[in-house]
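A.B. asks: need a 3D model of the following:
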Amino acid sequence: MTLQSLYEDLNTYAIAVSLLIFALPWVVWGICILIPGRWEEPWLLSFNLALAVAAILMWAGYLAYATNTTGWAKVVQEANVLLLLAPPYYLFTSLWVSRQRLPLGDIPFFRSLQGVMILAGVYMILAWILARTRIIFFSYVPFSQVLWLLAILLVIGYLGYRQMVGDPPQRR
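C.D. replies: The predicted model follows:
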């Protein structure tokens, strides 16, 4: 199965996929109510958030590819509105449901997601700085300040890494 055939299948079964995506956060909430537990609930909510993030990444990938190859006008004309609205709804609703059931810090995937987002942000800033760094840049900004900026960014990246793989939070 190629990525193209996956997107074609999603478009073919758009109504069923959209209904499934719109219902999943509420199904997970119902399962959490039926089977509450200190061990099961965080992992079930983690799995749900992981699916929501996968859906939003597929959504972003589709929009990036479609707008790059055909432009926004073609996407607006041909895209299925339900499939375009479902992933953001799924992510925000899953976050809301998770927050209603547990503190977000107690959900393992959310901590990992925070760390990955911090690392991605630091990487994008570093890539932007390094892509723009020229000899002229050093004539305006002292090299010691550049080193301090890089050190601060690396510390922020390390904090993101610790957030991602650090110790689980202690129960009070």
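A.B. asks: next helix or strand past the longest helix seen in the chain?
C.D. replies: For the chain, the longest helix by residue count, based on DSSP state H, is helix 40-69. As assigned by DSSP states H and E, the chain's next helix or strand after helix 40-69 is helix 72-78.
A.B. asks: just after that next one, pick out the following helix or strand.
C.D. replies: Moving toward the C-terminus from helix 72-78, the first helix or strand encountered (DSSP H and E) is helix 81-101.
A.B. asks: returning to that earlier point: buried residues, the longest helix of the chain. List them.
C.D. replies: 41-42, 44-46, 48-53, 55-56, 58-59, 62, 66 (16 or more other C-beta atoms under 10 Å). Yep, even glycine has a C-beta here, placed from its N, CA and C like the rest.
A.B. asks: ok, stretch 11-28 next?
C.D. replies: Buried residues in stretch 11-28, defined by neighbour count with 16+ other C-beta under 10 Å: Ala14, Val17, Ser18, Ile21, Leu24, Pro25, Val28.
A.B. asks: can you list the low-confidence ranges for this structure?
C.D. replies: Judged by pLDDT under 70, the chain has its weakly predicted residues at 132-138, 164-172.
A.B. asks: quick test: name the residue nearest the centre of it.
C.D. replies: In the chain, the C-alpha closest to the average C-alpha coordinate belongs to Val53, at a distance of 4.6 Å (C-alpha atoms, centre = their mean).
A.B. asks: nearest residue to that one in space, please, no chain neighbours.
C.D. replies: Sequence neighbours aside, Leu113 is the residue nearest to Val53 in space, at 6.5 Å (criterion: C-beta to C-beta, 6 or more residues apart in numbering).
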